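*Asks:* Just a sequence and a predicted model for now, questions to come.
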Amino acid sequence: MLRRVLRALADVKGPVSLPELAAHLCLDEAILTAMLDDLVRLGYLCDALKGGPAACVECRGCAGCPPGVGDRRVLQLSAAGKRAAG
C-alpha cells in the first residue's frame, strides 16, 4: 500500500492536497497521514519547505504551490521515493 501512495504521488502533476490524495486512493485522511509519516521516516518523502535532504531541492517553495499551501506541510518524493515508485 505504501508503494501505491508513492506511485500516486509520482503520477501527480503539481501539488495535491491531503483530501484529494485520500479520495484518489480511497483512504481515510487519518490513515493516509499515518502512511505519509511512515514514508517520511523511511526516507521516501521529505519536507520540501524545511530544507530536507538534497534530493528535495527541486521544490520551488510557495511559488510552485496554490495559495494557502505554504502554511501547511509540503512533502515531496526523495530520490529513494522516486526509485521506489518506479
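*Replies:* Looks like it came in fine.

*Asks:* okay, now the closest residue in space to residue 29 that isn't next to it in sequence: neighbour count?
*Replies:* Computed as C-beta to C-beta, 6 or more residues apart in numbering, the closest residue to residue 29 that is not its neighbour in sequence is residue 22, at 4.6 Å. Bear in mind the C-beta positions are built from the backbone N, C-alpha and C, glycine included. Using other C-beta atoms under 10 Å, the number of residues around residue 22 comes to 18.

*Asks:* Where does residue 22 sit, in terms of helix or strand?
*Replies:* Using DSSP states H and E, residue 22 falls within helix 18-25.

*Asks:* still on that earlier bit, from residue 16, how far off is the residue nearest to residue 29?
*Replies:* 10 Å (C-beta to C-beta, to the nearest Å).

*Asks:* swap in residue 33?
*Replies:* Residue 33 is 14 Å from residue 16, by C-beta to C-beta.

*Asks:* do the same with residue 46
*Replies:* Residue 46 sits 16 Å away from residue 16 when distances are taken as C-beta to C-beta.

*Asks:* So for the two, which sits in the more crowded spot?
*Replies:* The neighbour count for residue 46 versus residue 16, taken as other C-beta under 10 Å, is higher for residue 46 (24 against 16).

*Asks:* and the longest helix for this structure?
*Replies:* Criterion DSSP state H: the longest helix present in the chain is helix 29-41.

*Asks:* Brilliant, that's me finished.
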